[in-house]
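> take this sequence and fold it.
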Amino acid sequence: MQQQTIHIKQAEKKIWSLLANITDPEVPVLTILDLGIVRSVEITDTGIDIVITPTYSGCPAMDMIATNIRMELLAAGYEKISVKNILSPAWTTEWMTQAGKEKLKAYGIAPPSDKQQVCSSGLFSPNEAIQCPQCNSYHTQRISEFGSTACKALYQCIDCREPFDYFKCH
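Model prediction:
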């Protein structure tokens, strides 16, 4: 029994390493592990169960991500793969890795702010200081609540005048 447990743990570790190769279709510099959307990997008698949580409940990339997970594992010789989307608990930017946040910035997308300002109403401040990923200035303004995807907002740096996406906190 102990030998079987060790074998399962090794196989789960291998699967996690394979998942590290899968990138987000909307932000290709991030892996699904950088995003923190993979909630669990379990090997059962019936196959492999992988649980993922979308960054937004209607995220259009989730079908592609599930397909890419299956393709990656099939290519590595695994069969009977189940990929399940769960919405609860809801994904939060706190699940992103620090390396993922750094990759976003290097790619030109402002990562989620650790110091997001909250108004007295309890809502996020629309005028929060978001650092420009181009020149590092905090002298920025929000242009639109939505950027190139629903999980991003469009900002512009007042100093360097460059527009940029901000990966919204939630």
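> the strands in this structure, which residues?
Here the chain has its strands, by DSSP state E, at 38-44, 47-52, 81-85, 109-110, 140-144, 152-157, 163-167.
> show me how far the fourth one is from its chain's centre.
To tie it back to what came earlier, the one meant is strand 109-110. Relative to the centre of its chain, strand 109-110 is centred 13 Å away, using Cα atoms, centre = their mean, to the nearest Å.
> save the strands of the chain as CSV, and put in mean pLDDT and distance to Lys101 too.
For the C-beta atoms, the positions are set from N, CA and C on the backbone; glycine is no exception. What follows is those, written out as CSV (pLDDT from 0 to 100; distance: least, Cβ to Cβ, whole Å):
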stretch, mean pLDDT, distance to Lys101
strand 38-44, 95, 17
strand 47-52, 97, 20
strand 81-85, 96, 24
strand 109-110, 96, 10
strand 140-144, 94, 17
strand 152-157, 94, 14
strand 163-167, 95, 8
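> scan this protein for its longest helix.
helix 2-19 (DSSP state H).
> related to what we said a few turns ago, tell me which of the strands of the chain sits nearest to Ile8.
Nearest of those to Ile8, taken as Cβ to Cβ: strand 38-44 at 5.0 Å.
> gap between the residue nearest the centre of the chain and Thr93?
Closest to where the C-alpha atoms of the chain average out (Cα atoms, centre = their mean) is Leu35, at 2.3 Å. For Leu35, the distance to Thr93 (Cβ to Cβ, to the nearest Å) stands at 9 Å.
> likewise for Ser113?
9 Å.
> and for those two, which residues touch both?
The contact sets of Ser113 and Thr93 overlap at Cys169 (Cβ atoms under 8 Å, 6 or more residues apart in numbering).
> returning to that earlier point: pLDDT averaged over the longest helix of the chain - what is it?
Averaged over helix 2-19, pLDDT sits at 85.
> show me which positions of that helix end up buried.
15, 19 (16 or more other Cβ atoms under 10 Å).
> contact partners for the residue nearest to Ser40 when sequence neighbours are not counted?
Among residues not flanking Ser40 along the chain, Val51 sits closest, at 4.6 Å (Cβ to Cβ, 6 or more residues apart in numbering). Residues in contact with Val51 (Cβ under 8 Å, 6+ apart) are 38-40, 83-86.
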